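Engineer: everything below, folded, please.
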Amino acid sequence: MTERHGADVDAFAKLIGFDFEDRKRLALALTHASARSGKDDNYERLEFLGDRVLGLVIAENLFRLFPGASEGELSVRLNQLVSAEACARVADDLGLHRFIKTGQDVKKLTGKRVLSIRADVVESVIAAIYLEGGLKPAREFIETWWKPLFADGVTLRRDAKTELQEWAHARFGQTPVYKVEDRSGPDHEPRFTVTVTVSGVAPETGIDRSKRAAEQVAATRLLEREGVWTAES
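Structural biologist: Coordinates of the predicted model:
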């Protein structure tokens, strides 16, 4: 850990009000793969775990807050609250881009191109807290920083792939088909090009750093083009 990154780690720990005995774990959670010195010297494994912890805590809260909601409604709300957009919003509320260590080829952490990086780091931070102190402090962190999203009544846009599937079934009796057309870029910053096809309308294409994210982009573009969604919805 460099002296500068160590100072960033200390400042972030102070910001979230959690005392890490193992600062190296938090430093790892704030390190992008482009800055790695070894295969596992980045946040990716922590992100995997943090995603599961986040899903559990959000699901617990939804189960408690919406006792009359069906499984389908709860699933939609869950997808909204654990989406990359929701996590990136929390990252921006935290000012997280100030603390992330990256390589020289990743210079800007506030643009749309790297929304997923900010979202991923939020999840890796959750995992670091969970491994350090267990579920209780991880839950406290999530409930504190997701509180504005719950207060908004979960006004984030619905999952695009879910929306497109329901629209395609209702309109054409068809299921959308996604195809990876291309994969480019280095391993730490891949770019996937995915096409979505619905029989009866022209296909659309999405590009992002993971297959899943590119599928969401393609679905969003088709929904907006067909007037199902507006760009502001």
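Engineer: now stretch 140-152: buried residues?
Structural biologist: Neighbour-count burial for stretch 140-152 flags 140-142, 145-146, 149 (criterion: 16 or more other Cβ atoms under 10 Å). C-beta: built from backbone N, CA, C; applies to glycine.
Engineer: which residue is nearest the centroid of the chain?
Structural biologist: Centroid-nearest residue in the chain: Ala84, 2.6 Å away (criterion: Cα atoms, centre = their mean).
Engineer: so where do the strands sit in this structure?
Structural biologist: Assigned by DSSP state E, the chain shows strands spanning 177-184, 191-197, 204-208.
Engineer: which of those sits closest to Leu54?
Structural biologist: strand 204-208 (20.0 Å; Cβ to Cβ).
Engineer: low-confidence stretches in this structure?
Structural biologist: 1-6, 35-40, 103-113, 153-158, 231-233 (pLDDT under 70).
Engineer: list of residues touching the longest helix along it?
Structural biologist: The helix that spans the most residues within the chain, counting by DSSP state H, is helix 44-65. Here helix 44-65 makes contact (Cβ atoms under 8 Å, 6 or more residues apart in numbering) with 25, 28-29, 33, 69, 74, 77-78, 81-82, 87, 120-128, 130-131, 135, 138-139, 142-143, 146, 150.
Engineer: check which residues of it are buried.
Structural biologist: So for helix 44-65, counting by 16+ other Cβ under 10 Å, buried means 44, 46-47, 49-51, 53-54, 57-59, 61-62.
Engineer: ok, now how distant is the residue nearest to Ile58 when sequence neighbours are not counted from Ile117?
Structural biologist: The spatially closest residue to Ile58, leaving aside those adjacent along the chain, is Leu81, at 4.9 Å (Cβ to Cβ, 6 or more residues apart in numbering). The gap separating Leu81 from Ile117 is 19 Å, by Cβ to Cβ, to the nearest Å.
Engineer: which residues touch the residue lying farthest from the centre of the chain?
Structural biologist: Distance to the chain centre peaks in the chain at Gly200, reaching 31.6 Å (criterion: Cα atoms, centre = their mean). By Cβ under 8 Å, 6+ apart, the residues touching Gly200 are 171-172, 174.
Engineer: which of the residues you listed lies closest to Leu223?
Structural biologist: Arg171 (11.5 Å).
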